[in-house]
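Visitor: return atomic coordinates for the entry below.
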Amino acid sequence: MKVIGIVGMPASGKGEVSRIARDLGIPVVVMGDVVRERVKEAGLPATDANLGAISGELRSELGMDAIARITIPVIEAASAPVVLVDGIRGDYEVATFKEHFPDFTLIGIASSFETRYRRLANRGRSDDSLTAEELRVRDERELGWGLGRALSQADCRITNEGTLEEFTAEVRALLRRLGGMA
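Guide: Numbers count the residues shown, from 1 in each chain. Now for the predicted structure:
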């Protein structure tokens with residue numbers, strides 16, 4: 001099984017990569033869905049604070065690769081030749097995926113703070129930060145989990161500062177190449 005991981009700061013374009021992968025017929029496993037399910041089970045609303053707190057608790061109790069280890073059975077259940085994993089947040093998760101899936105490739109998505117903040121303002125998800133300071137806090141939390149170190153380990157990098165059409169074309173070509181598609 002070929003597993004393609006996506007890593008990037010909040011609102012860098014990871015969700016778009018997932019959408020493009022789905023359009024290409026590649027199953028997508030979103031690591032954040034595991035956390036959202038835990039927040040729901042706890043009877044809490046899916047706010048950034050609650051998602052961050054549950055993520056932190058899981059990492060504290062089970063290790064920094066907790067969410068990767070919880071996600072592995074979901075990836076395997078996809079039973080597909082290629083699966084995309086969205087939402088890698090740290091280098092420990094990368095190490096776990098590389099150990100478990102010998103054919104693992106990590107794509108790093110880079111976008112400036114200003115671009116990401118503008119996207120968050122337009123996205124409207126319940127866990128999106130509304131102020132620049134809240135985004136800075138979210139960035140620091142995720143960098144604390146090893147997100148920067150994970151980004152530095154990316155096998156491929158895409159800078160997402162242009163148009164959606166440009167980004168889509170670049171991602172589509174990369175996923176086709178990595179997934180062995182014509």
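Visitor: need the three-state assignment for residue 177.
Guide: helix (DSSP: H, G, I helix; E, B strand; the rest coil).
Visitor: how many neighbours does it have?
Guide: 10 (other C-beta atoms under 10 Å). In this view, the C-beta of every residue, glycine as well, is placed from N, C-alpha and C.
Visitor: repeat that for residue 35.
Guide: 26.
Visitor: report all helices and strands that the helix or strand containing it contacts.
Guide: Per DSSP states H and E: residue 35 is located in helix 31-41. Applying 3 or more C-beta pairs under 8 Å, 6 or more residues apart in numbering; DSSP states H and E, one finds that helix 31-41 contacts helix 48-62, helix 66-77, strand 82-88.
Visitor: CA atoms only for the longest one, dumped as PDB, please.
Guide: In PDB, the C-alpha atoms belonging to helix 48-62 read as follows (Å, rounded to 0.1, in the frame of the first residue of the first chain):
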ATOM      1  CA  ASP A  48     -10.300  24.900  18.100                       C
ATOM      2  CA  ALA A  49      -9.800  25.000  21.900                       C
ATOM      3  CA  ASN A  50     -11.500  21.600  22.400                       C
ATOM      4  CA  LEU A  51      -9.800  19.900  19.400                       C
ATOM      5  CA  GLY A  52      -6.400  21.200  20.600                       C
ATOM      6  CA  ALA A  53      -7.100  20.100  24.200                       C
ATOM      7  CA  ILE A  54      -8.200  16.500  23.200                       C
ATOM      8  CA  SER A  55      -5.200  16.300  20.800                       C
ATOM      9  CA  GLY A  56      -2.900  17.300  23.600                       C
ATOM     10  CA  GLU A  57      -4.500  14.800  26.000                       C
ATOM     11  CA  LEU A  58      -4.100  12.000  23.500                       C
ATOM     12  CA  ARG A  59      -0.400  12.900  22.900                       C
ATOM     13  CA  SER A  60       0.200  13.200  26.600                       C
ATOM     14  CA  GLU A  61      -1.400   9.800  27.400                       C
ATOM     15  CA  LEU A  62      -0.300   7.800  24.400                       C
END
